[in-house]
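**Q** Next comes the sequence, and after it the predicted model I'd like to discuss.
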Amino acid sequence: MTDMTQVLAEPAAAVRGTSLWAMARHRFLRNKAAMASLFVLVIVAVFSFAGTWVYPHTYDQIFPSYVAVPPSLDPYPREDTLQQVMQTAVERARLKLDAFDADGTSYTARISSEKPVDPRATRYLDRPDEFDGAEIISTLNDGKTVEVKGRINGQYFPFGTDRNGRDLVPRIMVGGQVSLTVGLLATFVSLIIGVTYGAVSGYVGGRVDNVMMRFVEILYSLPFMFFVIMLVVFFGRHFVLIFAAIGAIEWLDMARIVRGQTLSLKRREFVEAAHAMGLSNWQIIRRHVIPNTIGPVVVFVTVLVPKVILLESFLSFLGLGVQEPMTSWGSLIAEGTTGMQAVPWLLIYPAIFFVVTLFALNFIGDGLRDALDPKDR
């Protein structure tokens, strides 16, 4: 009897609740497609931003000897082409190639002339990308014949080179930096402007709301391409103009979404309680309205980033985006389409990175939408 009384007298253990954000995070982590897409997106970002620090070639480095060479995991040059390259270099020096031998990493060549060979002529042998470090090791026939030894430069081009002799790998890396940076910066600009504009318009209401929304509709009526062309005409082609132009247009959708959410929130009980506590309108918007619109905003951002990347690629495709030697995925794809039959790798590899990134962003957006859906809470 006493034990039962003690048990009944003991307070029940407190049950720890789970916040809505914790539940949303748990649902997002269980979404296999979204997590796989997030992993792929991280890999693409690391490849684009960190790859240029460790890769031996730069995006604007030109290899005249390797123009439009196909992708290969084996090093260039090919052994069957070395003698012809050496022959051409020797003829430019107005000399004669008597013998040539290569063993994979070094070469020896016997060169002759009707008069003594000038030692400075070895500079001609180092000009091709295939050779380096030429030096005379022996002299014969009163200096009219010399033996030269040097190194063979092995170069790897896993994605091939373009028609200017530039390695495609670092150009895809730099293109990823530009595309992802423009996508994130333009989205950030549209996020800041759109959320603030929509929250103020929806919360204040009345004539202020009407005027602000009419201004949005006027901007909607302006053709996007006309707006970009006007910026290019007045300010020139500049990297900053790309995300400035895109961000100046894409915030309109964000403003309308936030305005709709604000109209449904402004009559809620917690907003009335904030009014009763004496908070100003701006404090209510900043502390209560905007944080409660973050769910739809986050989902829309994941949709907006790939849309901005597509717009940047479209502008670069038309020649209004980044200019040489800088590049983007859109510029690389535009360049690849002009010679897709002769050099298909110039189109295939940038398109793969571009499509994979867009799919990853869309799957992440779907995962966030499902995780933040109020019906699943």
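**A** In hand now; what should we look at?
**Q** What is the three-state secondary structure of Ala68?
**A** Here Ala68 is coil, with the state taken from DSSP: H, G, I helix; E, B strand; the rest coil.
**Q** tell me the contacts of Met212?
**A** Tyr197, Val200, Ser201 (CB atoms under 8 Å, 6 or more residues apart in numbering). C-beta coordinates here come from the backbone N, C-alpha and C atoms, glycine included.
**Q** wait, is it part of a strand?
**A** No - read with three-state DSSP, Met212 is helix and lies in no strand.
**Q** Please, which helix or strand holds Ala109?
**A** Assigned by DSSP states H and E, Ala109 falls within strand 106-112.
**Q** Keeping just the C-alphas, turn that strand into PDB.
**A** C-alpha atoms of strand 106-112 as PDB (Å, rounded to 0.1, in the frame of the first residue of the first chain):
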ATOM      1  CA  SER A 106      64.100  12.200 -72.200                       C
ATOM      2  CA  TYR A 107      65.500  12.400 -75.700                       C
ATOM      3  CA  THR A 108      68.800  12.700 -77.600                       C
ATOM      4  CA  ALA A 109      69.300  14.200 -81.000                       C
ATOM      5  CA  ARG A 110      72.200  14.700 -83.400                       C
ATOM      6  CA  ILE A 111      72.100  18.000 -85.200                       C
ATOM      7  CA  SER A 112      74.400  19.200 -87.900                       C
END
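**Q** Mind giving me the packing neighbours of it?
**A** On a contact count with 3 or more CB pairs under 8 Å, 6 or more residues apart in numbering; DSSP states H and E, strand 106-112 meets helix 79-92, strand 96-102, strand 145-152.
**Q** Out of the ones you listed, flag the one nearest Ala276.
**A** Among the helices and strands packed on strand 106-112, the nearest to Ala276 by CB to CB is strand 145-152 (81.7 Å).
**Q** Note down every partner strand of the very next helix or strand once past the closest one and its orientation.
**A** Going down the chain from strand 145-152, the next helix or strand is strand 155-157, by DSSP H and E. Using DSSP bridges, strand 155-157 pairs in its sheet with strand 72-76 (antiparallel).
**Q** quick check: angle from the strand holding Ala109 to strand 96-102?
**A** 170 degrees (axes from the mean of the first three to the mean of the last three CA atoms, to 10 degrees).
**Q** Strand 106-112 to strand 145-152, inter-axis angle?
**A** Using the same axes, to 10 degrees, strand 106-112 lies at 160 degrees relative to strand 145-152.
**Q** Parallel or antiparallel, list what pairs with strand 106-112.
**A** Using DSSP bridges, the strands paired with strand 106-112 are strand 96-102 (antiparallel), strand 145-152 (antiparallel).
**Q** List the contacts of the last one.
**A** Same thing as strand 145-152. Against strand 145-152 from outside (CB under 8 Å, 6+ apart): 77, 82, 98, 102, 104-113, 117, 122, 125-126, 130-140.
**Q** Could you identify the longest helix within the protein?
**A** Ranked by number of residues, the top helix in the chain under DSSP state H is helix 168-204.
**Q** Pull up the distance across stretch 88-107, start to finish.
**A** From its first residue to its last, stretch 88-107 covers 15 Å (CA to CA, to the nearest Å).
**Q** Centre of the chain to it, how far?
**A** Offset of stretch 88-107 from its chain centre (CA atoms, centre = their mean, to the nearest Å): 43 Å.
**Q** What of stretch 345-362?
**A** The answer for stretch 345-362 is 10 Å, by CA atoms, centre = their mean.
**Q** got a list of contacts for that stretch?
**A** With CB under 8 Å, 6+ apart as the test, stretch 345-362 has contacts from 37-38, 40-41, 44, 70-71, 159-160, 162-163, 168, 172, 175-176, 179-180, 302-303, 305-306, 309-310, 313, 329-330, 332-333, 335-337, 339-340.
**Q** Would you mark the buried spots in that stretch?
**A** 345-350, 353-354, 357-358, 360-362 (16 or more other CB atoms under 10 Å).
**Q** so where's the stretch 1-150 of the chain uncertain?
**A** Within the stretch 1-150 of the chain, the segments meeting pLDDT under 70 span 1-21.
**Q** quick one on the thing from earlier: of all the helices and strands packed on strand 106-112, which one is nearest Gly319?
**A** Among the helices and strands packed on strand 106-112, the nearest to Gly319 by CB to CB is helix 79-92 (35.7 Å).
**Q** which strands and helices sit next to that closest one?
**A** The contact analysis (3+ CB pairs under 8 Å, 6+ apart) places helix 79-92 against strand 96-102, strand 106-112, helix 122-126, strand 131-140.
**Q** now with 6 Å?
**A** strand 96-102, helix 122-126 (3 or more CB pairs under 6 Å, 6 or more residues apart in numbering; DSSP states H and E).
**Q** Buried residues, the first one. List them.
**A** Along strand 96-102, these residues count as buried under the neighbour rule (16+ other CB under 10 Å): Leu97, Phe100, Ala102.
**Q** Across the sheet, point out what pairs with the last one.
**A** It refers to Ala102. Under DSSP bridges, the beta-bridge partners of Ala102 are Tyr107.
**Q** so it touches Leu82, yeah?
**A** Yes - using CB atoms under 6 Å, Ala102 is in contact with Leu82, at 5.1 Å.
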